[in-house]
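Asker: Sequence first, predicted coordinates after that:
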Amino acid sequence: MRHFLPNGAELIIRPPVIEDALGLLRNFQRMTQETDFLLFTPGEALEMSEKSEEDFIKTYLKNPDQLMLVAIANDTLVGSITVNHSGYHKRGHTAEMGIAVERAWSSLGIGRRLMTAMLRWAEEHEKIQLIYLQVFASNDKAIHLYRNFGFLECGRLPYGIQQRDGQFTDLVTMYRRVKP
Ligand SMILES: CC(C)(COP(=O)(O)OP(=O)(O)OC[C@H]1O[C@@H](n2cnc3c(N)ncnc32)[C@H](O)[C@@H]1OP(=O)(O)O)[C@@H](O)C(=O)NCCC(=O)NCCS
């Protein structure tokens, strides 16, 4: 899907190809440096390689129950959204999503477009009835985005996350039904 952003840049949202591995790796490494709202630390991101990202992309391409979409702005991979199944039959109707957009490209509507494309896919999926996610309670912007799409808080793990500065924050679970 091709869009134009308010800053005039061209945005393409599409499934990844193997050749996106390096772009995904660089995006991930930049993001773990600039935000503390991802689960991975910069050190953990540095342990990843182009090969590990190739394998990561392949897990999405070969499994129709999983989704990855990448956001390409001005030919650079600047964000992604994923939907993951647990693999257990009894949880086959549920899937967990994750999203990340680089700071230099944030607040331009990329997150909204990734969420829209992801929900369209989930609504069409034969098994998925419910999408859930986990977000740091201190992440006001992400929570705002999820609420905009009808996600509701359904629980929180107190002190579930210790941020880089040593402070603890709750880990919030949110969900949205995608089938009536
Ligand atoms: C959260 C994130 C995915 C949002 O992506 P984005 O492309 O910036 O999102 P959009 O531009 O589509 O929308 C952002 C919304 O947040 C709002 N917003 C911006 N700053 C905000 C803030 N500090 N508090 C609350 N809302 C805020 C915007 O106004 C916009 O809402 P609107 O459409 O109602 O006006 C992105 O900032 C990100 O990846 N952050 C770092 C990693 C992360 O937090 N990932 C999620 C982990 S659960």
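Answerer: Sure thing, it's come through.

Asker: Buried residues, the helix or strand hosting residue 132. List them.
Answerer: According to DSSP states H and E, residue 132 maps onto strand 130-136. Going by neighbour count (16 or more other CB atoms under 10 Å), the buried part of strand 130-136 is 131, 133-136. For the C-beta atoms, the positions are set from N, CA and C on the backbone; glycine is no exception.

Asker: Quick one: the helices in the protein, in order.
Answerer: 21-34, 42-46, 50-61, 110-124, 140-148 (DSSP state H).

Asker: With mean neighbour count, mean pLDDT and distance to the ligand added, can I get those in TSV?
Answerer: Compiled in TSV, the helices of the chain are given as follows (neighbours: other CB atoms under 10 Å; pLDDT from 0 to 100; distance: least, CB to the nearest ligand atom, whole Å):
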stretch	mean neighbour count	mean pLDDT	distance to the ligand
helix 21-34	18	96	6
helix 42-46	13	91	13
helix 50-61	15	97	17
helix 110-124	18	98	3
helix 140-148	15	98	3
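
Asker: Looking at those helices, which is nearest to residue 4?
Answerer: With CB to CB as the measure, helix 110-124 is the member of the helices of the chain nearest residue 4 (11.1 Å).

Asker: How far does that closest one sit from its chain's centre?
Answerer: 11 Å (CA atoms, centre = their mean, to the nearest Å).

Asker: just stretch 80-95 next, same as before
Answerer: Here stretch 80-95 is found 14 Å from its chain centre; the criterion is CA atoms, centre = their mean.

Asker: So which residues make contact with that stretch?
Answerer: Stretch 80-95 has contacts (CB atoms under 8 Å, 6 or more residues apart in numbering) with 16, 24, 27, 60, 63, 65-71, 96-100, 114-115, 117-118, 121-122, 127-132.

Asker: Then stretch 26-37?
Answerer: 38, 40-42, 44-46, 48, 53, 77-80, 100, 102-103, 135-136, 138-139, 142, 163-165.

Asker: could you redo the last one with a cut-off of 10 Å?
Answerer: 20, 38-46, 48, 50, 53, 56, 70-71, 76-80, 100-106, 135-136, 138-139, 141-142, 161, 163-165, 167, 169 (CB atoms under 10 Å, 6 or more residues apart in numbering).

Asker: And those residues, which of them are buried?
Answerer: Judged by 16+ other CB under 10 Å, buried ones among the contacts of stretch 26-37: 20, 38, 42, 45, 48, 53, 56, 70-71, 77-80, 100-102, 105-106, 135-136, 138-139, 142, 161, 169.
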